[in-house]
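*Asks:* how would this look folded up:
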Amino acid sequence: MENSPAVIEINSLEKSYGEGPGRIRVIRGIDLSVNRGEVVAVTGPSGTGKSTLLNLVGCLDNFDRGSIRLVQRDISSLSVDELSGFRNRHIGFIFQLHNLLPEFTALENVMMPLLIRRVKWKTARDSAMELLVRFNMEERAGHKPGEMSGGECQRVAVARAIVGEPDLILADEPTGSLDSRNSSILMQMLLELCREKGSTALIVTHDMTIAGMTDRVISMLDGAIVNI
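*Replies:* Numbers count the residues shown, from 1 in each chain. As a prediction, the model looks like this:
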């Protein structure tokens, strides 16, 4: 890991969709810096650009103008193959609907980022099982997503995101499909792991209770940050 305190550095970021009169500006001149180990919630009304911002930071979409530096790397300078490797090594993703691979077990899903990184199978298995035990999911290790509850699947998704000890965790409404009890449990687990591993997290949420558990809350409106 680099020594710089800033894991995310965004300057004058712009993103639009469409052309001509129908062009829609989704991200409008965003500046944002997030330090190593900081957990930041991004809030705001639906359609205000929160998920788009997360996709841009996650190297899943291209931006029009401005710059994004992650772990001191200007991501616009990376090729497609370099971006893929960068995501695998430095970024962990958590989605609202877990996005687990249905044909694989919980253990195999958690192992996947390490296997893609060509970590030895036994090492990947041991690391994945350690997290499943931590999440009280060891008895479900051999179950596939269709055999688990929504809360269990989200625990597996968090374990998968954190198993490679990435610099950055990006979470898009990670508790949106859970009840309040499971939401709180999941967030506590995620925050504990982020702080233990020194990972930075950017969490999009509508739930102000969840946002209140983070180190800092930023609000977006019409593609811009209105407080920081």
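*Asks:* what's the offset of stretch 39-56 from the middle of its chain?
*Replies:* Relative to the mean C-alpha coordinate of its chain, stretch 39-56 is positioned 11 Å out (CA atoms, centre = their mean, to the nearest Å).
*Asks:* Quick check: end-to-end length of that stretch?
*Replies:* Start and end residues of stretch 39-56 are separated by 18 Å (CA to CA, to the nearest Å).
*Asks:* now do stretch 62-73
*Replies:* Its start and end residues considered, stretch 62-73 measures 16 Å (CA to CA).
*Asks:* could you give the mean pLDDT of that stretch?
*Replies:* What stretch 62-73 shows for mean pLDDT is 94.
*Asks:* Can you give the distance from it to the centre of its chain?
*Replies:* 16 Å.
*Asks:* Which positions in that stretch come out as buried?
*Replies:* Phe63, Gly66, Ile68, Arg69, Leu70, Val71 (16 or more other CB atoms under 10 Å). (Each C-beta comes from the backbone N, C-alpha and C, glycine too.)
*Asks:* which one of those sits closest to Pro45?
*Replies:* Phe63 (21.6 Å; CB to CB).
*Asks:* part of a strand, is that closest one?
*Replies:* No - read with DSSP: H, G, I helix; E, B strand; the rest coil, Phe63 is coil and lies in no strand.
*Asks:* thought it was touching Val57?
*Replies:* No - the pair Phe63 / Val57 is not scored as a contact, 9.8 Å apart, by CB atoms under 8 Å.
*Asks:* So what does Gln96 look like in phi/psi?
*Replies:* Dihedral angles of Gln96 (phi, psi; degrees, to the nearest 10) stand at phi -60, psi -40.
*Asks:* which element is the closest residue to Asp222 other than its chain neighbours on?
*Replies:* Leaving aside its sequence neighbours, Asp222 sits nearest to Thr48 (CB to CB, 6 or more residues apart in numbering; 6.1 Å). Of the helices and strands defined by DSSP states H and E, none includes Thr48.
*Asks:* what's the distance between Thr48 and Glu19?
*Replies:* Taking CB to CB, to the nearest Å as the measure, Thr48 falls 22 Å from Glu19.
*Asks:* Give me the more crowded residue out of those two.
*Replies:* A side-by-side neighbour count of Thr48 and Glu19, using other CB atoms under 10 Å, places Thr48 first with 20 against 7.
*Asks:* mind listing what's buried in the longest helix along the chain?
*Replies:* Determined from DSSP state H, the single longest helix within the chain is helix 180-197. Buried positions in helix 180-197, judged by neighbour count with 16+ other CB under 10 Å: Asn182, Ser183, Ser184, Ile185, Leu186, Met187, Met189, Leu190, Leu191, Leu193, Cys194, Lys197.
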